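In: predicted coordinates and the sequence they were generated for:
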Amino acid sequence: MSHGLALDVNRIRREALQTMSAGPATTRYGLDTERVVSVLNDVVATEVLGWLRSSRQALAIRGENRSEVRALLDRHAEQEMRHAVAIAGRIKQLGAQPNFDPATLAQRAHTDYSTPNDGELRGMLEQDLEAARIMVSTYREVADWLGDRDPTTRRLVESVLVDQRENADALGELLAV
């Protein structure tokens with residue numbers, strides 16, 4: 001008995017040619033594209049706000065013995081901007097426009113931007129840990145909501161979730177010291 005895969009490449013080619021005029025492949029899935037884009041734009045806002053917060057806090061940290069913390073916050077900031085750009089790219093793939101409007105970023109984000117005073121290292125780390133845990137929870141819910149109806153977007157959100165979970169763990173370790 002053969003368990004090999006037999007592909008009918010001619011049939012697949014015909015089907016691909018027939019669907020080319022139908023627009024992007026992503027328009028044929030079972031989710032409300034406008035709702036998905038709205039949710040993703042909120043994720044973009046959250047990541048941009050995280051980039052702003054982490055960047056500001058990394059700049060605010062003083063003292064040579066805090067270079068490890070500064071480097072961690074710089075890495076988080078870089079990650080958050082990469083996340084925002086990746087999610088914005090997915091929004092474009094879905095045929096919509098990413099929303100980077102600074103006038104509405106704070107209202108759309110899942111986290112806030114309040115920052116402790118410069119030099120209040122513990123307060124900064126606690127705020128970042130809270131934000132990371134909020135992102136972990138909200139991104140998990142977004143991924144679950146997407147489910148198998150949009151596996152491409154779900155995998156992207158899950159990859160951001162993995163990074164945020166690692167960030168939360170690293171921040172928690174710093175606070176435990």
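Out: In hand now; what should we look at? Residues are numbered from 1 along each chain as shown.
In: for the helix or strand hosting residue 143, what is the average pLDDT?
Out: Secondary structure assigned from DSSP states H and E places residue 143 in helix 121-146. Across helix 121-146, the average pLDDT comes to 94.
In: just the buried positions in that helix, please.
Out: Within helix 121-146, the residues scored as buried using 16 or more other Cβ atoms under 10 Å are 121, 124-125, 127-129, 131-136, 138-139, 142-143, 146. Yep, even glycine has a C-beta here, placed from its N, CA and C like the rest.
In: how about the helix or strand just after it: buried residues?
Out: Per DSSP H and E, helix 121-146 leads on to helix 151-176 as the next helix or strand towards the C-terminus. Going by neighbour count (16+ other Cβ under 10 Å), the buried part of helix 151-176 is 153-154, 156-158, 160-161, 163-165, 167-168, 170-171, 174.
In: just name the closest of these to residue 83, please.
Out: Each of those was scored against residue 83 by Cβ to Cβ, and residue 160 proved nearest at 4.7 Å.
In: the closest one: what's it in contact with?
Out: Counting by Cβ atoms under 8 Å, 6 or more residues apart in numbering, residue 160 touches 43, 47, 83, 86-87, 135, 139.
In: over to residue 38?
Out: Counting by Cβ under 8 Å, 6+ apart, residue 38 touches no other residue.
In: next one: phi and psi at it?
Out: phi -60, psi -50 (degrees, to the nearest 10).
In: now the two most distant members of the contacts of residue 160.
Out: So, the contacts of residue 160 by Cβ to Cβ: farthest apart are 86 and 135, at 14.4 Å.
In: can you list the low-confidence ranges for the chain?
Out: Applying pLDDT under 70 to the chain flags residues 1-3, 19-29, 118, 177.
In: now the closest residue to residue 123 other than its chain neighbours: how far from residue 69?
Out: Nearest residue to residue 123, sequence neighbours excluded (Cβ to Cβ, 6 or more residues apart in numbering): residue 116, at 3.3 Å. Remark: distance between residue 116 and residue 69 (Cβ to Cβ, to the nearest Å) = 13 Å.
In: these two: which has the busier surroundings?
Out: The neighbour count for residue 116 versus residue 69, taken as other Cβ atoms under 10 Å, is higher for residue 69 (18 against 15).
In: which residues touch that one?
Out: 61, 121, 125, 174.
In: same question, residue 36
Out: Residue 36 makes contacts with 94, 146, 150, 153, as judged by Cβ under 8 Å, 6+ apart.
In: now render the residues you listed as CSV, adding distance to residue 54.
Out: Supplementary listing: those in CSV, determined by distance: Cβ to Cβ, whole Å:
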residue, distance to residue 54
94, 27
146, 26
150, 28
153, 24
